[in-house]
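Asks: From the sequence below, what's the structure:
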Amino acid sequence: MSKLPFWGVGLALAGVALLHWFLTRRMLAVSGRFSALVNRLREGPPEPGGDMTEAELVAAMIAATRAQFGETTEPTGPDTTALATEIKRTNSALLPQSSVTHVVFLGSLVLGGLASQLMGEATSPTSVLRSSRFVALFGDGPLAWVVLALGGVLVGFGTRMAGGCTSGHGLSGVSRLEPGSLVATAAFFGAGIAVSFVLEVLS
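Replies: Residues are numbered from 1 along each chain as shown. The predicted structure is shown next:
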């Protein structure tokens, strides 16, 4: 099966992000779901509203204030009215998603990767990157595994520090022109390009 053109991949990613929004009323975020699942394993079930985003929390506070003091209470920010309306329209956004939902979502990513490989070129799985430059630098033994593990730790650290990953910032945030997401996406893509050039020079 031939590879999709770049515009086809872009449309597919946009479709996934939109489908996720229509099904869950939440922005697509892989690292956020993984963090929520890990936190539940460590700390137990969250309190109601514990998985809410900052925007959802602000809207929930406005909705609760209006319920207590009446509709004459005006919000102070330019976007809070729309947020409050959205929260009132979709009560599910006030509730934390179940652990099963997180597991199904993350499991679907794995199944999607397997399906992509089955539909693509027939290649056998490897324990290291399928890259001649990477193998030339680090081999295909324990050193390569250590490097990949260290890379995974750094990615996790950067994701928590930036408050999102390529899905949260790169798809959901950039599509809404959020300044923080634009900076984060430029940073991690820029770092990836720089590292690829370094690896090419070293190999």
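
Asks: starting at the chain centroid, how far to the host helix or strand of Gly10?
Replies: Using DSSP states H and E, Gly10 maps to helix 6-24. Offset of helix 6-24 from its chain centre (Cα atoms, centre = their mean, to the nearest Å): 13 Å.

Asks: Report the contact partners of Arg33.
Replies: When contacts are counted by Cβ atoms under 8 Å, 6 or more residues apart in numbering, Arg33 touches 102, 105-106. Every C-beta, even on glycine, is put in place using the N, C-alpha and C of the backbone.

Asks: ok, now with 6 Å
Replies: Contact analysis of Arg33 by Cβ atoms under 6 Å, 6 or more residues apart in numbering lists 102, 105.

Asks: what do you get for Cys165?
Replies: When contacts are taken as Cβ under 6 Å, 6+ apart, Cys165 is in contact with 30-31, 159.

Asks: Just give the nearest non-adjacent residue to it, would you?
Replies: Ser31 (4.0 Å; Cβ to Cβ, 6 or more residues apart in numbering).

Asks: residues near the one you found, how many?
Replies: Neighbours of Ser31 under the rule other Cβ atoms under 10 Å: 20.

Asks: right, and it touches Thr159 too?
Replies: Yes - in this structure Ser31 lies within contact range of Thr159 using Cβ atoms under 6 Å: 4.5 Å.

Asks: elements contacting the helix or strand hosting Leu118?
Replies: Element membership for Leu118, per DSSP H and E: helix 99-119. When contacts are defined as 3 or more Cβ pairs under 6 Å, 6 or more residues apart in numbering; DSSP states H and E, helix 99-119 packs onto helix 30-43.

Asks: average model confidence for the helix or strand that the helix it packs on is followed by?
Replies: Next in sequence after helix 30-43, counting helices and strands by DSSP H and E, comes helix 54-69. In this model, helix 54-69 has an average pLDDT of 72.

Asks: what's the answer for stretch 14-26, then?
Replies: Averaged across stretch 14-26, pLDDT comes to 84.

Asks: List the buried residues in it.
Replies: The neighbour-count check on stretch 14-26 (16 or more other Cβ atoms under 10 Å) flags 20, 26 as buried.

Asks: Show me how far that stretch is from its chain's centre.
Replies: The answer for stretch 14-26 is 12 Å, by Cα atoms, centre = their mean.

Asks: Stretch 106-125 now?
Replies: 19 Å.
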